[in-house]
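Asks: here is a sequence together with a model predicted from it:
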Amino acid sequence: MRIEDPAFTVTMDDRYIIHVRAHGPWSPEIANRYWLAFKPFLDESRRQLGYAKALIDRRGAPIMSMAMVQAMRDGIVAHYHPDDRLALVVDSSPLKLQVRKNYPLAHLDAFLSHDAALAWLQNH
């Protein structure tokens, strides 16, 4: 499975971990496209693992406005299940803290390293 959009790429690896690479600034319209494209990947990961695992790589993407943070937070609440695992890769420690504070998911963590985020998902 693979989806390519100018604002994001979504793939799934052979361990049923979803990989997302974000590109450029996002708007609510892009967020809507993202959630429509992302949902089948969540469903397949859950079907195979019993819960979904996703690695969202936002390194190099512009910081989201608070309105976009809220839109993505609303999407997480709407689309993720309590047992799903979500690892976000960001560019800085302040962003890492912002993610941990703003996104309400029990099994969510933020990382500065792609490899650390992937290892966390593989072990949880």
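Replies: Looks like it arrived, so ask away.

Asks: and the longest helix seen in the chain, what's buried?
Replies: In the chain, assigned by DSSP state H, the helix with the most residues is helix 28-49. For helix 28-49, a neighbour-count test (16 or more other CB atoms under 10 Å) marks 30, 31, 33, 34, 35, 37, 38, 41, 42, 45, 46 as buried. Where you see a C-beta, it was placed from the backbone N, CA and C, and this is true even at glycine.

Asks: quick check: closest non-adjacent residue to the fifth one.
Replies: So the one you mean is residue 35. residue 75 (5.0 Å; CB to CB, 6 or more residues apart in numbering).

Asks: now do the contacts for that neighbour.
Replies: Neighbouring residues of residue 75 by CB atoms under 8 Å, 6 or more residues apart in numbering: 31, 34, 35.

Asks: now do it against residue 15, distance only.
Replies: According to CB to CB, to the nearest Å, residue 75 and residue 15 sit 24 Å apart.

Asks: returning to that earlier point: phi first, then psi, for the residue nearest to residue 35.
Replies: Main-chain dihedrals, residue 75, degrees, to the nearest 10: phi -60, psi -40.

Asks: what's the pLDDT at it?
Replies: At residue 75, the pLDDT value in this model is 89.

Asks: how far away is it from residue 53?
Replies: For residue 75, the distance to residue 53 - CB to CB - is 17 Å.

Asks: the closest residue to residue 107 other than its chain neighbours pairs with what?
Replies: Among residues not flanking residue 107 along the chain, residue 85 sits closest, at 4.4 Å (CB to CB, 6+ apart). On the basis of DSSP bridges, residue 85 is bridged to residue 53.
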